[in-house]
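Peer 1: Okay, here's the prediction I keep looking at, along with the sequence it came from:
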Amino acid sequence: MKEIKLKVDGVIMKVNIDDNEILLDVLRNKLGIRSVKAACWRGECGLCTVLLNGIPVKSCMMLAIEADGQEIITAQGLYSDERARKLMDSFVKHGAMQCGFCTPAFILTSHYILNKYPDADDEKINEGLKSLICRCGTYFQIKEAIKEAKKYYDHFSKS
């Protein structure tokens, strides 16, 4: 066992891990963060996505020890960001979720896309979302929600 330190959703946490534990399992099972979903465990669906130092990563493909000393943002942690709350509202307004299982990963990835490209066009949005799977097929609604939320990110990027 080794102790690592993670900054998760703004809170510094220490956790004991085995060398072979993946970040997904540590976040869900040891830290109780349920918005990080466990689905394929092969990096194919992207539902375990978190932001690591602001960049989307698939937590099922990363050893927890690699995240030692790093900052992790989950969907729960985005709620303090006004732009992300507007993005979440837009997801609700456009019906961009049916079962909701993939929603945290799509919210995190959409937030990243809009932070990086506040004026993202369809091509940038499609490129940014290509690593995620929505089994309900709400891709159109997700893209519409992102397009609507662009105005909040554009507004903040110019402030």
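Peer 2: Sure thing, it's come through.

Peer 1: so what are the domain limits for the protein?
Peer 2: Following automatic domain parsing, the chain resolves into domains at 2-74, 81-158.

Peer 1: Where does the most centrally placed residue in the chain sit: helix, strand or coil?
Peer 2: Centroid-nearest residue in the chain, with C-alpha atoms, centre = their mean: Leu108, separated by 2.9 Å. Following DSSP: H, G, I helix; E, B strand; the rest coil, the label given to Leu108 is helix.

Peer 1: how about it, what does it touch?
Peer 2: Neighbouring residues of Leu108 by C-beta atoms under 8 Å, 6 or more residues apart in numbering: Thr49, Val50, Leu51, Pro56, Ile73, Thr74, Ala75, Leu78. C-beta: built from backbone N, CA, C; applies to glycine.

Peer 1: ok, Leu114 touching Lys124?
Peer 2: No: Leu114 is beyond contact range of Lys124, at 9.6 Å (criterion: C-beta atoms under 8 Å).

Peer 1: Distance from the helix or strand hosting Tyr153 to the middle of the chain?
Peer 2: Secondary structure from DSSP states H and E places Tyr153 in helix 139-158. Relative to its parent chain, helix 139-158 has a centroid offset of 16 Å by C-alpha atoms, centre = their mean, to the nearest Å.

Peer 1: okay, that helix in PDB with CA atoms only?
Peer 2: This file holds the C-alpha atoms of helix 139-158, laid out as PDB (Å, rounded to 0.1, in the frame of the first residue of the first chain):
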ATOM      1  CA  TYR A 139     -26.000  12.800 -29.700                       C
ATOM      2  CA  PHE A 140     -28.200  15.400 -31.500                       C
ATOM      3  CA  GLN A 141     -29.600  16.800 -28.300                       C
ATOM      4  CA  ILE A 142     -26.100  16.800 -26.700                       C
ATOM      5  CA  LYS A 143     -24.700  18.800 -29.600                       C
ATOM      6  CA  GLU A 144     -27.600  21.200 -29.400                       C
ATOM      7  CA  ALA A 145     -27.100  21.700 -25.700                       C
ATOM      8  CA  ILE A 146     -23.400  22.400 -26.300                       C
ATOM      9  CA  LYS A 147     -24.200  24.900 -29.100                       C
ATOM     10  CA  GLU A 148     -26.600  26.800 -26.800                       C
ATOM     11  CA  ALA A 149     -24.100  26.800 -23.900                       C
ATOM     12  CA  LYS A 150     -21.400  28.300 -26.200                       C
ATOM     13  CA  LYS A 151     -22.700  31.800 -25.500                       C
ATOM     14  CA  TYR A 152     -21.800  31.500 -21.800                       C
ATOM     15  CA  TYR A 153     -18.300  30.300 -22.500                       C
ATOM     16  CA  ASP A 154     -17.800  32.900 -25.200                       C
ATOM     17  CA  HIS A 155     -19.000  35.600 -22.800                       C
ATOM     18  CA  PHE A 156     -16.600  34.500 -20.000                       C
ATOM     19  CA  SER A 157     -13.700  34.100 -22.300                       C
ATOM     20  CA  LYS A 158     -14.000  37.800 -23.400                       C
END
